[in-house]
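[1] can you look at this prediction? I've put the sequence above it.
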Amino acid sequence: MKTLIKSAQIVNENKIFESDLLIENHLIVKIEKNISPESADRVIDASGKYLLPGVIDDQVHFREPGLTHKGDIESESRAAVAGGVTSFIEQPNTVPNAVTQELLEDKYKIASEKSFANYSFMMGGTNDNLEEILKTNPRNVAGIKLFLGSSTGNMLVDNPETLENIFSKTKMLIAVHCEDEATIRANTEKYMKEFGDDIPMKFHHLIRSEEACYISSSKAVELAKKTGARLHVFHVSTAKETELFRNDIPLKDKKITAEVCVHHLTFTNADYETKGTLIKWNPAVKTQKDKDGLWKALLDDRIDVIATDHAPHTWEEKQNVYTKAPSGGPLVQHSLAIMLENFRNGKISLEKIVEKMCHNPAILFQIEKRGFIREGYKADLILVDLNGSTTVSKENLLYKCGWSPLEGTEFHSKVTHTFVNGHLVFENGRISEEKFGERLLFKRNY
């Protein structure tokens, strides 16, 4: 099948230009000013719309296997493509944790049958699975994930010798969740003495504090420098941590990189009063000063990638008291909408959004033939109407958990079409029931 997109404003590699684009089978085969409609089976008039590469979200929790009452690969990848996310990298803290090659491959098998979007899964590290980590195939696995702060199951890696071993012995990208466990425990005990389990949410950012984040992330960066490991720090949440990263060399040459999540660019601790546990994340949403610092580091390229840490929980789970309410929330359907709203408000350019959400994840993870609008690349593409208004409501949420911290928010742009591997999977609110997601491959020379 050949699809021709006519008269789109293409946003790619720091340029915006009007062009036609021809898709044949899975690939972008031609980008030219005037392509004859006779060369296509289907023509989409994109006049006035913007054509972007599909978003690559490098950090999601889609909850399968073992936690599928919260979400599953089918439901959450459906929400992803509706929001313009065409590829995702999912984390290993499912049940059972993906800490052996066999358990990791089980997740790939599920996704091959159920995913609307392209997929990769991280191999999980523990204090005692170095042998399994070293078997990970760099060609078809995104990286190794280490929780240096609390996690589910057996996934807290807190043995210094183990950490040094993992950092020294794998060439794979190591992605880390950085929060210092001892600091968080001490802070939690202090507030529990005063409030018991029902600690007011406004203290969340003081329990999972700037100090807890900085102690952990600075140690990880120090260890990466010492060992030469390829380190990627997930969900940086404080202004102080941004000082750990550099912007004086191209991304492809960086050994230490950083990600920020849309919620840390959107909310502050002032929002706990109205949103409560719905915006309880780890690491915590922090102060306005932190939010400002994250924006500054994003725009000056110390922070390389924007992601979601999409992590659904049921509404009932979120209604628990502070110590029992789980951290995390659903965001993958609205991450691009949030950033496009920031574009409308003059905070960031369209070119920069595409760089941080599409190009940079592809460069950083060395993803093969995705993340850019180029001839010969996979046709993962989204059309965006910058004048299309939509309000988030329960009725238009596609998450299995059925809620969002953004309910009631009006966005002034929307994704109208999503292509995954050349297939039109989302069009004006309708999702194809056929699934065309593929396993991501990585172009690595080790």
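    Thanks, I have it. Bear in mind that the values here come from a model prediction, so they are computed numbers and not experimental data.
[2] which regions of the protein lie under the pLDDT threshold?
    Residue ranges of the chain with pLDDT under 70: 149-153.
[3] where do the helices of it begin and end?
    Using DSSP state H, the helices assigned to the chain run over residues 73-82, 101-114, 130-133, 160-169, 181-195, 204-207, 210-227, 262-266, 272-275, 288-299, 315-318, 335-344, 350-354, 360-365.
[4] check those helices for me and report the most buried one.
    Burial of those is given as mean neighbour count (mean count of other Cβ atoms under 10 Å); helix 73-82 ranks first at a mean of 27. Just so you know, the C-beta spots here come from the backbone N, C-alpha and C atoms, and that holds for glycine as well.
[5] pull the CA atoms of that helix into CSV?
    The C-alpha trace of helix 73-82 is given here as CSV (Å, rounded to 0.1, in the frame of the first residue of the first chain):
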residue,chain,number,x,y,z
ILE,A,73,0.5,-3.6,26.8
GLU,A,74,-2.6,-3.5,24.6
SER,A,75,-4.4,-0.8,26.5
GLU,A,76,-1.5,1.4,27.2
SER,A,77,0.1,1.2,23.7
ARG,A,78,-3.4,2.1,22.3
ALA,A,79,-3.3,5.2,24.4
ALA,A,80,0.3,5.8,23.3
VAL,A,81,-0.5,5.9,19.5
ALA,A,82,-3.5,8.1,20.1
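[6] so it versus helix 335-344, what angle?
    Inter-element angle recorded for helix 73-82 and helix 335-344: 20 degrees (by axes from the mean of the first three to the mean of the last three Cα atoms, to 10 degrees).
[7] helices or strands up against helix 73-82?
    Contacts defined by 3 or more Cβ pairs under 8 Å, 6 or more residues apart in numbering; DSSP states H and E place helix 73-82 against strand 55-60, strand 85-90, helix 101-114, strand 414-420, strand 423-427, strand 430-431.
[8] give me the neighbour count for the residue nearest to residue 171 when sequence neighbours are not counted.
    Nearest residue to residue 171 in three dimensions, chain neighbours excluded: residue 446, at 4.4 Å (Cβ to Cβ, 6 or more residues apart in numbering). By other Cβ atoms under 10 Å, the residues close to residue 446 number 8.
[9] try residue 48
    For residue 48, the tally of surrounding residues (other Cβ under 10 Å) stands at 11.
[10] do the one 5 residues further on as well
    Neighbour count for residue 53, taken as other Cβ under 10 Å: 29.
[11] do residue 228 as well
    11.
[12] the closest residue to it other than its chain neighbours and residue 154: what is the separation?
    Among residues not flanking residue 228 along the chain, residue 255 sits closest, at 7.0 Å (Cβ to Cβ, 6+ apart). Remark: distance between residue 255 and residue 154 (Cβ to Cβ, to the nearest Å) = 28 Å.
[13] spit out the contact partners of residue 192.
    The contact partners of residue 192, taken as Cβ atoms under 8 Å, 6 or more residues apart in numbering, are 199, 323.
[14] and it, how far from residue 283?
    Distance of residue 192 to residue 283, given as Cβ to Cβ: 20 Å.
[15] beta-bridge partners for residue 119, please?
    As for beta bridges, residue 119 partners with residue 88, residue 439 under DSSP bridges.
[16] quick one, what contacts it?
    Per Cβ under 8 Å, 6+ apart, neighbours of residue 119: 73, 77, 87-90, 108, 111, 437-440.
[17] again, but for residue 287
    Counted by Cβ under 8 Å, 6+ apart, residue 287 has contacts 205, 268-269.
[18] swap the cut-off to 10 Å and go again
    205, 210, 238-239, 268-270, 293 (Cβ atoms under 10 Å, 6 or more residues apart in numbering).
[19] any idea how far apart the tips of stretch 84-101 sit?
    30 Å (Cα to Cα, to the nearest Å).
[20] quick revisit: and the helices of the chain as CSV, adding distance to residue 26?
    Output for these, formatted as CSV (distance: least, Cβ to Cβ, whole Å):
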stretch, distance to residue 26
helix 73-82, 16
helix 101-114, 16
helix 130-133, 32
helix 160-169, 36
helix 181-195, 44
helix 204-207, 44
helix 210-227, 36
helix 262-266, 29
helix 272-275, 41
helix 288-299, 32
helix 315-318, 38
helix 335-344, 22
helix 350-354, 21
helix 360-365, 16
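[21] for residue 428, which of the ones you listed is the nearest?
    helix 73-82 (10.7 Å; Cβ to Cβ).
[22] report the distance from the closest one to the chain centre.
    13 Å (Cα atoms, centre = their mean, to the nearest Å).
[23] same check, this time on stretch 127-147
    Here stretch 127-147 is found 19 Å from its chain centre; the criterion is Cα atoms, centre = their mean.
[24] same thing with stretch 430-441?
    For stretch 430-441, the distance to the chain centre is 18 Å (Cα atoms, centre = their mean).
[25] flag every buried residue along it.
    432, 435-438, 440-441 (16 or more other Cβ atoms under 10 Å).
[26] can you tell me which of those is nearest residue 304?
    Closest approach to residue 304 among the buried residues of stretch 430-441 (Cβ to Cβ): residue 440, at 17.9 Å.
[27] the closest residue to that closest one other than its chain neighbours and residue 103, how far apart?
    Nearest non-adjacent residue to residue 440, counting by Cβ to Cβ, 6+ apart: residue 120, 4.1 Å away. Applying Cβ to Cβ, the value for residue 120 to residue 103 is 15 Å.
[28] okay, the helices and strands packed on helix 73-82 in JSON lines with distance to residue 144 next?
    Shown next, in JSON lines, are the helices and strands packed on helix 73-82 (distance: least, Cβ to Cβ, whole Å):
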{"stretch": "strand 55-60", "distance to residue 144": "13"}
{"stretch": "strand 85-90", "distance to residue 144": "12"}
{"stretch": "helix 101-114", "distance to residue 144": "11"}
{"stretch": "strand 414-420", "distance to residue 144": "26"}
{"stretch": "strand 423-427", "distance to residue 144": "30"}
{"stretch": "strand 430-431", "distance to residue 144": "33"}
